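Colleague: Any chance you can model this:
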Amino acid sequence: MRTPRDTSRYTIATIASPVGPLHLLGTSRGLAALLWSDLDAELARVRIGADQLDEGASSSMAEVERQLDQYFVGDRTEFDLPLDPRGTEFQLSVWSSLREIPYGVTSSYGQQARSINRPRAVRAVAAANGRNPISIIVPCHRVIGANGSLTGFAGGLDAKAWLLEHERHR
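Modeller: Numbering: from 1, shown residues only. The predicted structure is shown next:
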């Protein structure tokens, strides 16, 4: 069974950052995705369809860019943006719990699973983190392995290491 296509209009904009270009995908309700690669941005364009996509900056994307710029220079530790992620109820609960991990602090998948009262769902939590569409702002980079190792990240482990180091020094 096919899911009906969302009828929302989307805006996509690309911004420069210290961790490389970031593609911002927004709806009238808020930021729907922060994409790391040109390939992901192109896939988003294909899935959405040209008739529903506006290229370039909008006022809401300008605010996302402003807050990301503040974060990257060390002037912002929390984001105050309307978000519009798409996911299952479980994924949304996992992504919401990510926003509770304080700036400069790391957590494990097990700790995160316990924080949503699903202590046995460590692998499901890890999988949901892997599908987080709004990294950095919904800080999945703050989740590391139980042994302290860096684990997968949409932007790559170098970007994850950079973000953690950036937060540690602010």
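
Colleague: Going by C-alpha atoms from here, please, whenever you check contacts or count neighbours.
Modeller: OK.

Colleague: Report the separation between Ser97 and Arg168.
Modeller: Per C-alpha to C-alpha, to the nearest Å, Ser97 is found 20 Å from Arg168.

Colleague: In terms of neighbours, single out the busier of the two.
Modeller: A direct count of neighbours by other C-alpha atoms under 10 Å for Ser97 and Arg168 places Ser97 higher, at 17 against 12.

Colleague: mind checking the SS state of that one?
Modeller: Secondary structure assignment for Ser97 (DSSP: H, G, I helix; E, B strand; the rest coil): helix.

Colleague: Give me the pLDDT value at it.
Modeller: At Ser97, the pLDDT value in this model is 97.

Colleague: Isn't it up against Ile116?
Modeller: Yes. The criterion here is C-alpha atoms under 8 Å, and Ser97 meets it with Ile116 at 7.0 Å.

Colleague: check contacts around Tyr109.
Modeller: By C-alpha atoms under 8 Å, 6 or more residues apart in numbering, the contact set of Tyr109 is Val122, Arg123, Val125, Ala126, Val143, Ile144, Gly145, Ala146.

Colleague: any idea how far it lies from Ser96?
Modeller: Taking C-alpha to C-alpha, one finds Tyr109 at 14 Å from Ser96.

Colleague: Give me the common contacts of these two.
Modeller: Shared contacts of Tyr109 and Ser96 (C-alpha under 8 Å, 6+ apart): none.

Colleague: Flag the helix or strand of the chain with the lowest per-element mean pLDDT.
Modeller: strand 53-55 (a mean of 66; mean pLDDT, DSSP states H and E).

Colleague: all strands of the protein, in order?
Modeller: Secondary structure of the chain (DSSP state E): strands at 10-15, 22-27, 30-35, 53-55, 107-108, 143-144.

Colleague: Arg131: which of those strands is closest?
Modeller: Among the strands of the chain, strand 30-35 comes nearest to Arg131, with 10.6 Å by C-alpha to C-alpha.

Colleague: From the contact counts, what lies against that closest one?
Modeller: Here strand 30-35 is seen to pack against strand 22-27, helix 59-73 when contacts are counted using 3 or more C-alpha pairs under 8 Å, 6 or more residues apart in numbering; DSSP states H and E.
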